[in-house]
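[1] Structure of the sequence below:
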Amino acid sequence: MKLAIDCHQSSRRQPSTVLGQQYSWSGQCHCVGICENPPTSTEMAGSAAVVAIYQASQSIYDIFDKVALLYEGRQIYFGDIHAAKEFFINMGFDCPLRQTTADFLTSLTSPAERIVRPGFEGKTPYTPDEFAAVWQKSRDRAQLLQEIADFDEQYPVGGEHFELFKASRQAAQAKGQRVKSPYTLSVPMQIKLCTKRGFQRLRGDATLFFTGLFGQTALALIISSVFFDLQNTTADLFSKGALLFFSILMAAFQSALEILTLYAQRGIVEKHSKYAFYHPSAEALFNFSFSGLCTSFESQITNALTASMITDLPNKIFTTILFDLIIYFMTNLRRAPGHFFVFLLFTFICTLTMSMYFRSIAAMSRSLSQAMAPAAIFILALVIYTGFAIPTKQMHPWFRWINYLDPVAYAFEALMVNEFHGRQISCAQYIPGTLGGKLPQYGNLKVDEQVCAVNGAKPGSLYVDGNTYLDVTYQYSYSHLWRNFGIIIALMVFGCTIYLVSTEYISSKKSKGEVLLFRRGKVPDFAPKPDVESHVDGQEVRLARTKTIPDAPASIQKQTAIFHWDSRKTGYVQQQDLHLATSTVREALNFSAILRQPKHTLHAEKLAYVDEVIKVLEMETYADAVVGVPGEGLNVEQRKRLTIGVELAAKPALLLFLDEPTSGLDSQTAWSICALLRKLADNGQAILCTIHQPSAILFQEFDRLLFLAKGGKTVYFGEIGENSKVLTDYFESHGAAPGSETEINWPAVWNESKEHAEVKATLAEMKATLSQLEHVQDDTALDYYAATFKVQLWTVLQRVFAQYWRTPSYLYSKVALSTLTALFIGFSFWKATTSLQGLQDQLFAIFMLLTIFGNLTQQIMPHFVTQRSLYEVRERPSKTYSWQVFILSNLMVELPWNAMMGVLMFFCWYYPIGLWRNAVPTDAVTERGALMFLFILTFLLFTSTFTTMVIAGIESAEEGGNIAQLMFSLTLIFNGVLASPSKFPHFWIFMYRVSPFTYLVSGVLSTGLANTDVVCADYEYLHFKPPQGMNCSTYLDPYKGLAGGYYTDGSAITDCTFCTLSKTNQFLEQINVKYDDRWRNFGLMWVYIAFNAAGAVFLYWLARVPKNKKEKKEKTE
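    Now for the predicted structure:
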């Protein structure tokens, strides 16, 4: 049913204004003031305003000109507001004395509310179709059609007035706008306003910006200290490559969290777009401006974007310059102005391009969970195919094309050639060499009898040419530098176009509407509702009356009163209907009953009581329906009934307190809720209720009124009476005339009145009677929580597991992330060999698997925040269960899903890479395979517990994501893979030792790579000439016996072909990994998991658990 009220005038500029439910949460005095605006504006602008109002008072109703009444989509009246009431009275319906016209009209659409006049029984319409048929045949409708015809004749469509309207509309539009465009402002003006609003948002809440800036600066300082003062020697070649790899990744992926930011704003942007405020692409351009500039698909945007770059781009520019200055100069990269600015240019342009890519992913998806898995695989693909983990010549053909589309790959090549082009790199280690004086016989060799131990080295040369090293190792060329810049620009333009088009045409997932969704097998047969009264026989009926505390008069300023009561004995129905979206109605009621009713009550009795609550509240038809989110699932009335039911299921012994239960509801729903309260009161439940703008009919449902003036002073407390006669007689007897204003001091009048004395006497009598009653001591009432810890944990666990199971998008995204990521890594490093490059490939395959950590945290955090919001707002104040149970349940719920993902990741990652083949020589395939699975499982468990620990004390998922990403980056830096522990500054050694990934990576590497032979690829062999009179075997055996390695032909006398490694254990020793430590490392990971769980409990207690004296006193009593 809809009640639409129209302020109608002839149209001149704006033909109509539609306002929906604008006043549903406003006070009566504010409503009247607000409602005076549309008539005023229509008179001034010559337009029409159509307003939908819930619970309109008579004073509001009288402001408008016409009223339209809809009954289930059928129009049953439209006409003058003063004729509407008479129209339906003549039809045979009765309007009670104190009922407003608006309430009377809306009551006609409810068979339970409308009243038929005596003598008209059976003659009035009953169904919507019958009402519509009466209206179609009525004289009022014929008169209305004649008015419309007269209006059309006077103001014909397409005539002079229409042309004037079009001219007026065009004059109101910005210059250059199309006449048919719904937008008043031009695109440049839209961008300007969006930019201004964006700065206002940043000033209002700059937390996310500063945490990101702090994180980038901290990372730059840490990375620079790890790679501090690198030298131009071959000993630092890998370190420089790793540094540049880290630098470009940090620049590229600092925008990854923009996916979360975009979804936080998406709903507002789409709403404004529907109102034709601005193009979504205009807002997108503002958001993009913090990430970079691009070319628009709409030509008129270009000038506006160019003009706004001065104010928009400094944010990204400042962050990039600060990061690059720290990285570049602390690590001693090439000290030349031109090379520094090339480094700065490519890191900055890569940041802009990747920002467009991430935003395009978010814009093309319709929900956050849909965006996370593709984003994770996208990031992983760009990292793997950058060219550092797998050189381009080693890439498998089925994924080689990714490298061509990877902007990070082009930027990384540019940084590498910028650093090494034209440089002669001093050799730090020769083969064979003295090994620190242990082999002095190699100290006086001729130049051509040894070679530098690095790719691209030539026998007899003291230096390695940078260009040759890049060509042999990576196939990079300096001639590609500016070609790569152009390609990155093209990729950025492409990403920007995709982003703008997606924001313009792809909207977020729409609500399915208030359609009931039932669990499988629980769909009821929608039979007629049974007589609820017949189901409450045998209940104890106690004399109880409802009380209402209405809003103070318009002249009295509202204040907030704070009450304190025993939440175990009193039910508090909050104004907001807060429920877990994935629970069913019955489950929500059972949850409250099990955890809030006394522990001595049998479980079966609690569930039986819930069934009685469902019957009393008339919720049988949707008892097994899923709650859903507002606008999808239960409707407003059903949600309010559930909110009341949750408190009733707790079986409050003293009182049920409701905070404005009818606010935001239409008249029909408000009547239904008040009728429900009346039923509860008639069946023995004491109710105290504040109510918003009560109509006369709603007001009549209550028994007593507590009327307060400013400062909490009592104006009246007592019976309301039939038709409010007792209440009005009281005020009239003390000098108040109906509808008049007075300066009487009503609190003083009350204190001197006989009614006040009678209330005092009644209270004294009740107190005396109560003291004479025999009190039964209930020891369980002294407990802070009604249920035991075991019951709390089990019940909450069941609900959290159900929430996960009923959120398939989260589980699908989690499984897709784990499976597709593992498969992608597995097939990218397909059947990795045991060559030098193959060992590095296997190392990076392990390293890359750990990079999904950030995406897993971003999936878990929003889920946790949802649970925490419900707990802290409703369940903790009502003492439903303890905060320890809340934390533990959210930790434990991840365990089975982690186990399932561990199995999938193991098979999709371990076997395609071929790590199992390394265990064949020692016949340890089964043991090492099982241990590898356990390491993957501990990684997932560590990720989930670490995420919970971080978000436990943080307010938003975005801030928690920033912190988790920073800490994750630290663990990657200090795990010993990209930077050797031997090169760490002394003060960073402790970070290597405390980093959990140190032991995880060590355990996984030793389990996957140890105890097998190394076979170099052809280009990895070093070639040099043995001394005259010696063959390769005689010449190299002393060196090989101490340093390792092998030669292909020991009898050769002109060319020794030597591989620097012969066993994988030698490779592992270079990064401080030992096979014998594998089980120790596995045990240490469980220590970290336990630490994370304890840290989550502690941080939540520290940051979010109330610790005031009153709370402590309650717990000790």
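
[2] alpha carbons only for contacts and neighbour counts from here, please
    Noted.

[3] Confirm for me that residue 786 is in contact with residue 598.
    Yes - Residue 786 is within contact range of residue 598, at 5.1 Å (criterion: C-alpha atoms under 8 Å).

[4] These two: which has the busier surroundings?
    residue 786 (24 against 21; other C-alpha atoms under 10 Å).

[5] secondary structure class for that one?
    The three-state assignment at residue 786 reads coil, by DSSP: H, G, I helix; E, B strand; the rest coil.

[6] And for residue 428?
    The assignment at residue 428 comes out as coil when based on three-state DSSP.

[7] From residue 1016, how far off is it?
    22 Å (C-alpha to C-alpha, to the nearest Å).

[8] Between the two, tell me which one has more neighbours.
    residue 1016 (23 against 15).

[9] Excluding residues flanking it in the chain, which one is nearest the more buried one?
    In space, and not counting its chain neighbours, residue 1016 is closest to residue 835: 4.3 Å by C-alpha to C-alpha, 6 or more residues apart in numbering.

[10] Residue 347: neighbour count?
    Neighbour tally, residue 347, other C-alpha under 10 Å: 26.

[11] Quick check: what element follows the helix or strand where it lies along the chain?
    Residue 347 belongs to helix 337-364 when assigned by DSSP states H and E. Later in the chain than helix 337-364, the nearest helix or strand by DSSP H and E is helix 368-384.

[12] Which neighbouring elements make contact with that next one?
    Judged by 3 or more C-alpha pairs under 8 Å, 6 or more residues apart in numbering; DSSP states H and E, helix 368-384 is in contact with helix 258-274, helix 337-364, helix 400-404, helix 407-420, helix 808-828, helix 853-870.

[13] Give me the contact list for it.
    For helix 368-384, the surrounding residues in contact (C-alpha atoms under 8 Å, 6 or more residues apart in numbering) are 249, 253, 259-260, 263, 358, 361-362, 365, 389-390, 402-403, 406-409, 809-810, 813-814, 816-817, 820-821, 824, 828, 848, 851-852, 855, 858-859.

[14] If any of these are buried, give me the PyMOL selection for them.
    Paste this into PyMOL to select the buried members of the contacts of helix 368-384, with burial taken from 16 or more other C-alpha atoms under 10 Å:
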select buried, resi 249+253+259+260+263+358+361+362+365+389+390+402+403+406+407+408+409+810+813+814+816+817+820+821+824+828+848+851+852+855+858+859
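
[15] State the distance from residue 768 to residue 388.
    Distance check for residue 768 against residue 388: by C-alpha to C-alpha, it reads 86 Å.

[16] the more surrounded of the two?
    Each of residue 768 and residue 388 has its neighbours counted (other C-alpha under 10 Å); residue 388 has more, 20 against 11.

[17] pLDDT at the more buried one, what is it?
    Note on residue 388: pLDDT of 91.

[18] you'd agree it is up against residue 245?
    Yes - judged on C-alpha under 8 Å, residue 388 makes contact with residue 245 at a distance of 7.0 Å.

[19] for the nearest residue to residue 1047 once chain neighbours are set aside, helix, strand, or coil?
    Closest residue to residue 1047 apart from its sequence neighbours, by C-alpha to C-alpha, 6+ apart: residue 1058 at 4.4 Å. Taken by three-state DSSP, the conformation at residue 1058 corresponds to strand.

[20] Residue 1058: neighbouring residues, count only.
    Neighbour tally, residue 1058, other C-alpha under 10 Å: 23.

[21] per-residue pLDDT, the closest residue to residue 919 other than its chain neighbours?
    Distance criterion C-alpha to C-alpha, 6+ apart; nearest residue to residue 919, sequence neighbours excluded, is residue 925 at 5.0 Å. Residue 925 carries a pLDDT value of 94.
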